[in-house]
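A.B. asks: Next comes the sequence, and after it the predicted model I'd like to discuss.
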Amino acid sequence: MEQIKVKLAKKEGEGFVIPLGPANLVGIKTDVGMVGCGAFDVAALDSFSYPAARVRPATGPSIVDTDDILKGIVKEANRSAMGRGIRNGMTGRQALELL
């Protein structure tokens, strides 16, 4: 597992990349919530009132690293994340800034 510090405007996030054979499990979390690749079940995280969003790649076939999360486009956000202003179509970085 690779851990990466991610500088945001008002805080620092914790990024992670977990190789899973042909794909990577990638996400960035803050002290409030997280933005991750398509493998995350954001609806399940909502049952814990944990703000979470999934992104699709801005370019290429899949999310490979934390840069892809930051540039990616939000395709799903749970109710807790939407309550913080996260909407489909914004970038992963924009979503993380709201967390």
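C.D. replies: Structure's in. What do you need?

A.B. asks: What ranges does the protein have for its helices?
C.D. replies: Using DSSP state H, the helices of the chain run over 42-46, 66-71, 79-82, 92-97.

A.B. asks: Relative to Lys11, which of the ones you listed is closest?
C.D. replies: Checking the helices of the chain against Lys11 by Cβ to Cβ gives helix 92-97 as the closest, at 9.0 Å. The C-beta positions use only the backbone N, C-alpha and C, and glycine is treated the same way.

A.B. asks: Just give me how far the closest one sits from the chain centre.
C.D. replies: A distance of 8 Å separates the centroid of the chain from that of helix 92-97, by Cα atoms, centre = their mean, to the nearest Å.

A.B. asks: Counting by contacts, list what that helix packs against.
C.D. replies: strand 34-36, strand 52-56, helix 66-71, strand 73-77 (3 or more Cβ pairs under 8 Å, 6 or more residues apart in numbering; DSSP states H and E).

A.B. asks: I'd like those as a markdown table, with mean pLDDT appended.
C.D. replies: Formatted as a markdown table, the helices and strands packed on helix 92-97 follow (pLDDT from 0 to 100):
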| stretch | mean pLDDT |
| --- | --- |
| strand 34-36 | 98 |
| strand 52-56 | 98 |
| helix 66-71 | 98 |
| strand 73-77 | 98 |
